[in-house]
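*Asks:* sequence and predicted model, in that order:
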Amino acid sequence: MALFLFCHCLFNLIPAYGATYVPKRTDVGDIYKWDLTEFYTSTDGFYKDMAHIEDVLIPKYESFIGTLNTADQLLAYYALDEEVSRMLFKGYVYANLMLDLDQTMKLQIKWQLRQIKFIHSY
């Protein structure tokens, strides 16, 4: 009987919590939005970082082929790898949060995530 009453109360309250109106992002105050400027001040910064990784940092990996036989070279390799990993992680988190923030940009952000995964596969 107690289970019946619990379920009855629970299911009768659900419509009260269900939103019949979903506000647009422009209608919501800034206080209720995530501040992603800690990652990038604009999406241009994101694209700049991804291009820097792809055009500058990834090619540096080739310079380590056959040279990881000294402690200095190994340290330099790990420093490069850490820099790339941090930038990729930052970009990945930013792109995922942007997707959660604004579903109207779904295709563009999915492309950004695909680009990050492609770069990370090097």
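*Replies:* All right, it came through fine. Numbers count the residues shown, from 1 in each chain.

*Asks:* where along this protein do the strands fall?
*Replies:* Remark: strands of the chain are absent; assignment by DSSP state E.

*Asks:* check it for its longest helix and report it.
*Replies:* If you go by DSSP state H, the chain has its longest helix at helix 71-101.

*Asks:* buried set for it?
*Replies:* Along helix 71-101, these residues count as buried under the neighbour rule (16 or more other C-beta atoms under 10 Å): 76-77, 80, 84, 87-88, 90-91, 94-95, 98-99. C-betas here are computed from N, CA, C, even on glycine.

*Asks:* shaky segments in this protein?
*Replies:* Residue ranges of the chain with pLDDT under 70: 1-19, 102-113, 117-122.

*Asks:* all helices for the chain, in order.
*Replies:* Under the criterion DSSP H, the chain carries helices at the ranges 2-17, 43-52, 58-60, 71-101, 106-120.

*Asks:* now do the second one and helix 71-101, the angle between them.
*Replies:* Angle between the axes of helix 43-52 and helix 71-101 is 150 degrees (criterion: axes from the mean of the first three to the mean of the last three C-alpha atoms, to 10 degrees).

*Asks:* how close does L97 get to E54?
*Replies:* Distance of L97 to E54, computed by C-beta to C-beta, to the nearest Å: 22 Å.

*Asks:* over to I31?
*Replies:* 37 Å.

*Asks:* kindly report the same for K24.
*Replies:* In terms of C-beta to C-beta, K24 sits 35 Å off from E54.

*Asks:* chain neighbours aside, what residue packs nearest to H52?
*Replies:* The shortest distance from H52 to any non-neighbouring residue, by C-beta to C-beta, 6 or more residues apart in numbering, is to M87 (7.5 Å).

*Asks:* wouldn't the one you found be in contact with F46 here?
*Replies:* No - contact status for M87 versus F46: not in contact, 10.1 Å apart, counting by C-beta atoms under 8 Å.

*Asks:* what do the two both touch?
*Replies:* Contact criterion C-beta atoms under 8 Å, 6 or more residues apart in numbering; residues shared by M87 and F46: none found.

*Asks:* hang on, the earlier thing: comparing K24 and E54, which residue is more hemmed in?
*Replies:* The residue with more neighbours, out of K24 and E54 and counting by other C-beta atoms under 10 Å, is E54; that gives 14 against 7.

*Asks:* having no further points to raise, I will conclude here.
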